[in-house]
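J.: sequence and predicted structure are below.
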Amino acid sequence: MIRIKGHLDDRWADWFEGMTLTREDNGETLLTGPGIDQAALHGLLKKVRDLGMPLISVNCVEPD
Amino acid sequence: MSTPILATKLYIPPPRAKAVRRPRLIERLNEGLLAGRAPGVTLISAPAGFGKTTLIGEWIAICGLPVAWLSLDEGDSDPTRFLTHLVAAMQTLARNGVEGAKHAADFGKGVSRALDASRPQPPPIESTLTELLNEITALPDHFILVLDDYHVIEATPVDRALAFLLEHQPAQMHLVITTREDPALPLSRLRSRGRLTELRAADLRFSPSEAAEFLNRVMGLTLSAEDIAALENRTEGWIAGLQLAALALQGTLSLQGRQDVHGFIRSFAGDHRYIVDYLVEEVLQRQPAAVRNFLLQTAILDRLNGPLCDAVTGQEGGNARLEALQRGNFFVVPLDDKRHWYRYHQLFAEVLHMHLMAEQPDLAPALHRRASAWHEHFGLAVDAIRHALAAKDFARAADLIELAVPAMRQSRQETTIVGWFKALPDDLLRFRPVLSVYYAGVLMLGGQLEDVESWLRDAERWLDTTADKSGQSETLSADRVVMDKEEFRRLPGTIAMYRAAIALTLGDVPATVKYARRVLDLVSENDHLLRGSAAGFLGLAYWTSGDLDAAHRSYAECMARLLRIGHVSDAIGCSIALADIRIAQGRLREAMSAYERGMQLAVEQGAPALTARGAADMHVGMSELYRERNDLKTAMHHLLRSKDLGEHMGLPQNPYRWRIAMARIREAEGDLDGALDLLHEAERLYVSDYFPNVHPVPALKTRVWVAQGRLGEALGWARQQGLSVEDDLCYLREYEHITLARILLARYKSDRADSGMHEAMGLLERLLKAAQEGGRTGSVIEILALQALAHQMQGDIPAALVPLERALALAEPEGYVRMFVDEGPPMAILLQEAAKHGITPSYVRQLLPALGKAEDKPPVHQDLIEPLSERELEVLRLLRTVLSGPDLARELTVSLNTLRTHTKNIYAKLGVNDRRAAIRRAEELNLF
């Protein structure tokens, strides 16, 4: 689960290969996706870095 | 062929005509430069869009120092490409005004040649950097090296190279790194040493007054203080955000007029959306459709120029549009001063690309295909392939890759090739035999031998379709895809060559010979690479099985062919094998010629003051031959020359061979402990480099033990190796068996048990026969000398003189000295007997003084109860210098422990307790 400051448009969902975007009321966006491995996670973080998106946190969450 | 240089990567971005001056940052950059704690590093580490590159561009325009600039891209994770461009960037210094222009033309040429000369091995990064650092040190002026966008590097070798550069940074070089993430470098160490100046996001963001200047003066808006504060607050001083906002505002002004500006800012400030999303949307909405399409469609390009944009968009006037975009501050960066090449700011390009994918997802592959075709047309294979892969047009990519691999391999961009193969689907490769074999080569480099074989088999299915009448092959050949017909014709030979290499790696000599011969049957006379490789494999195989004449012939052919295609270092490596073989044959003079020829090649190949890799090995080889002639001074001189060149000028075996050569000189000087220290190191550093291990280091150590009378340890070694006098004999173990005979003779000397002598004599007789049959005259001489010594031990001088006479007759024409002298006093007595009997009298007259030297040399007059040994005197002289203990040990090439033993003995003999007292006492005694 990646938390980013600012609301991302839906069109980023494809860019972040299958991740689900959730916009929260506090102006943050959650990127969540199942079964992502370390390499894919680093790839995602690199995209976040290259787009200058302010990264707030990265968490591992257990599926419900 | 060397790696092509992209000039746009070296282009220094000029300061913008209209830009926000940032004196507080410039000041800090200057401080980092002038703080007198050279050599310094400036790290500009902040996310995309904080004006890192712009700031450095502004600064270097006014700082007054010459600058070498390198804009990095993903391709630079390939160390060869990185180093090549680093050198090219440094070469621009000459053009950019570094004085002492004698280097202008030549700077870095040595480095480039070093890169070339290492072919086809991967470049020795540290040695190439050392070469570069040496050249930098020779520059008279201070300068700045900028590595822009270091975050794109994702390769440990490049990180290591940069860490090495920092560790050895010359005082006249100041390094500037811009990056979006802190690099994998020892930053805390640099910080603690005060060498690091850092500017981070908090420093770079626009202050309210800078934001005001930017929006109103640079972007030509006239915003109120309140509006500026709102924008500054919303973007938190993020410059890319402010610039996008300004572009959107310009659009608002021209479309809707001033009254809407305030409204725009208010809604932007109150919106939660990601700034870039919000603003790019606003900017794009306010552009005419033509501009908007142009931006979206060209966003797939890493570098843009007018014709390329026209090809991709299918429109005209790309050049004018690019210029207009740049003038309008549309995140377009010029890459040269001819208004030819541009790129988008990466952040902007990413967002545009994302918009393209969201709005016209089907268009992207077509755009990439057009870009690929354009690049192919202009011979830019790497870009053509990248776009073909991006278009997922794998067939096209595979076609292009097949044609591009040879040139890429020549310029050693293996990392790039590996990346291509990773991107191509395996299914596609299976129909492309040439590519399959290239892939096998890639896997071979990575040591994945089993996979290599499976791809070779795959490729083979396509080769001989006519021989197979099953009909199935007909269909197969219809599906076969071959782009490079010439390479396809060579495939059978190439496949056999890889099989020979695999067999050699697995130590399977008969298979190596089989496949190497097949290569020679299959390939044309002027295919020097394949024929040369095959000859080299045959040489190794013959050598390993002891067929020295055949081995020499094959190696000579291998060397000649490697030279014809410019693989100089590998050819020099052949010299080592040729000399080793000649030494085994007892042809020392020809061995010397082989080294001289290698040295000549090394010198001819290099630029002035630079020799090719392998020169260090030639010095070591010559040293060994001079030692055999008992010219220890010249032998030592060559070893020091080798060391001066640096181990990076040596081929893989050099570190261990150097230590063996030095150990044997120590041994000749009577310093057996020092010799053992060196042999111990040699054992640790041993690398076969495929050479048969005909003189194993443990056997060399054992011989020193025998000389020291440590028979228990020597016998332990023989047991451990499973050596016995009854063994079947073979060339590979000959040296160990002769060592065993020496151990048995030494034991006889102490216990006088006849059975041991009997065993030794029997073994020596069999060894002699085998060595004679194999034409190994070097071994024959040694065995004969041992037989003579054995007879002497039994008190039978006449019987001793028979083998000795044969040994001397064989040894005289080649000038052997240490072969006899190393046997010590018993040999001296025998030689005197030989002289009496008129056996090779002039040769014996030459040998005897060398033998007497150690015994009769009058010691320096010492008023000591126990005089200092030669070695101790040497240590004593060094003690008078300012060298520290570890330095002394290095100078003497002994371990610190051995050095301590020496100094302890010296102090004891002089009756003192410390270094200073020892020097005083030695001066009183006139020992210096």
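T.: Happy to help now that I have it.
J.: show me where chain A has its helices.
T.: Using DSSP state H, the helices found in chain A span residues A:12-15, A:38-50.
J.: name the nearest residue to the residue of the stretch 451-600 of chain B found nearest chain A, ignoring sequence neighbours.
T.: Residue nearest to chain A within the stretch 451-600 of chain B: B:Asp451 (21.2 Å; CB to the nearest CB). For glycine as for every other residue, the C-beta is placed from the backbone atoms N, C-alpha and C. Ranked by CB to CB, 6 or more residues apart in numbering or on different chains and with sequence neighbours excluded, the top spatial neighbour of B:Asp451 is B:Leu443, at 4.8 Å.
J.: dump the residue contacts of that neighbour.
T.: B:Asp451, B:Val452, B:Trp455 (CB atoms under 8 Å, 6 or more residues apart in numbering or on different chains).
J.: in what helix or strand does it lie?
T.: Using DSSP states H and E, B:Leu443 sits within helix B:433-445.
J.: okay, B:Leu139 and chain A: tell me how far apart.
T.: B:Leu139 sits at a distance of 36 Å from chain A (criterion: CB to the nearest CB, to the nearest Å).
J.: that's a strand at that residue, yeah?
T.: No: assigned with DSSP: H, G, I helix; E, B strand; the rest coil, B:Leu139 falls outside any strand and is coil.
J.: just the pLDDT at it, thanks.
T.: Per-residue pLDDT puts B:Leu139 at 78.
J.: for B:Pro858, same thing?
T.: 40.
J.: buried stuff in the worst-scoring helix or strand of chain A on mean pLDDT?
T.: None of the helices or strands of chain A scores lower by mean pLDDT, DSSP states H and E than helix A:12-15, at a mean of 79. By 16 or more other CB atoms under 10 Å in any protein chain shown, the buried positions in helix A:12-15 come out as A:Trp12, A:Ala13, A:Trp15.
J.: which ChimeraX command selects the buried ones in the contacts of B:Leu443?
T.: The buried residues among the contacts of B:Leu443 can be selected in ChimeraX (16+ other CB under 10 Å) with this line:
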select /B:452,455
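J.: show me the contacts of B:Leu443 that map onto helices.
T.: B:Asp451, B:Val452, B:Trp455.
J.: who's in contact with the second one?
T.: For B:Val452, the contacting residues are B:Ala440, B:Leu443, B:Met444, B:Tyr498, B:Ile502, taking CB under 8 Å, 6+ apart as the criterion.
J.: dump the residue contacts of the last one.
T.: In this case it means B:Ile502. B:Met444, B:Leu449, B:Val452, B:Glu453.
J.: and it, which helix or strand is it part of?
T.: With DSSP H and E as criterion, B:Ile502 is part of helix B:485-505.
J.: just after that helix, pick out the following helix or strand.
T.: Toward the C-terminus from helix B:485-505 - assigned by DSSP H and E - lies helix B:509-522.
J.: enumerate every residue touching B:His695.
T.: B:Ile660, B:Tyr735.
J.: and B:Cys158, which of the three is it?
T.: Residue B:158: Val, not Cys. What three-state DSSP gives for B:Val158 is helix.
J.: now A:Val48. Nearest residue, chain neighbours left out?
T.: Using CB to CB, 6+ apart, the nearest residue to A:Val48 is A:Leu55, at 5.4 Å.
J.: right, I mislabeled it, should have said B:Ile275
T.: B:Gly241 (4.6 Å).
J.: for B:Glu713, same thing?
T.: Counting by CB to CB, 6+ apart, the residue nearest B:Glu713 is B:Trp705, at 4.9 Å.
J.: ok, back up a step: burial of the residue nearest to A:Val48, as a residue count?
T.: 13 (other CB atoms under 10 Å in any protein chain shown).
J.: same check on B:Leu927?
T.: With other CB under 10 Å as criterion, B:Leu927 counts 22.
J.: can you check B:Leu744 too?
T.: Per other CB under 10 Å, the neighbour tally for B:Leu744 reads 26.
J.: if we can go back for a sec, average model confidence for the helix holding B:Leu443?
T.: pLDDT averaged over helix B:433-445 gives 91.
J.: so that helix versus helix B:485-505, what angle?
T.: With axes from the mean of the first three to the mean of the last three CA atoms, to 10 degrees applied, the angle from helix B:433-445 to helix B:485-505 works out at 30 degrees.
J.: what comes up buried for helix B:433-445?
T.: By neighbour count with 16+ other CB under 10 Å, helix B:433-445 contains the buried residues B:Pro433, B:Val434, B:Leu435, B:Ser436, B:Val437, B:Tyr438, B:Tyr439, B:Ala440, B:Gly441, B:Val442, B:Leu443, B:Met444.
J.: so who does the closest residue to the fifth one other than its chain neighbours touch?
T.: The reference is to B:Val437. Among residues not flanking B:Val437 along the chain, B:Ala459 sits closest, at 4.9 Å (CB to CB, 6+ apart). By CB under 8 Å, 6+ apart, the contact list for B:Ala459 reads B:Pro433, B:Val434, B:Ser436, B:Val437, B:Ala440, B:Leu491, B:Ile495.
J.: for the last one, which non-adjacent residue is closest in space?
T.: Spelled out, it's B:Ile495. B:Leu456 (5.0 Å).
J.: got the confidence number for the one you found?
T.: 93.
J.: next one: the helix holding B:Leu443 to chain centre, how far?
T.: Distance of helix B:433-445 from its chain centroid, counting by CA atoms, centre = their mean, to the nearest Å, is 22 Å.
J.: for the strand or helix carrying B:Met592, what is the average pLDDT?
T.: Per DSSP H and E: B:Met592 is located in helix B:588-605. In this model, helix B:588-605 has a mean pLDDT of 91.
J.: next secondary structure after it?
T.: helix B:615-628.
J.: which neighbouring elements make contact with that next one?
T.: With contacts defined as 3 or more CB pairs under 8 Å, 6 or more residues apart in numbering or on different chains; DSSP states H and E, helix B:615-628 has these neighbours: helix B:568-584, helix B:588-605, helix B:632-645, helix B:654-668, helix B:818-821.
J.: quick one: average pLDDT of it?
T.: Mean predicted confidence for helix B:615-628 is 95.
J.: same check on stretch B:56-64?
T.: Stretch B:56-64 comes out at a mean pLDDT of 90.
J.: report the buried residues of it.
T.: Per 16+ other CB under 10 Å, stretch B:56-64 contains these buried residues: B:Ile56, B:Gly57, B:Glu58, B:Trp59, B:Ile60, B:Cys63.
J.: end to end, how far does stretch B:519-528 reach?
T.: Stretch B:519-528 has its terminal residues 11 Å apart, counting by CA to CA, to the nearest Å.
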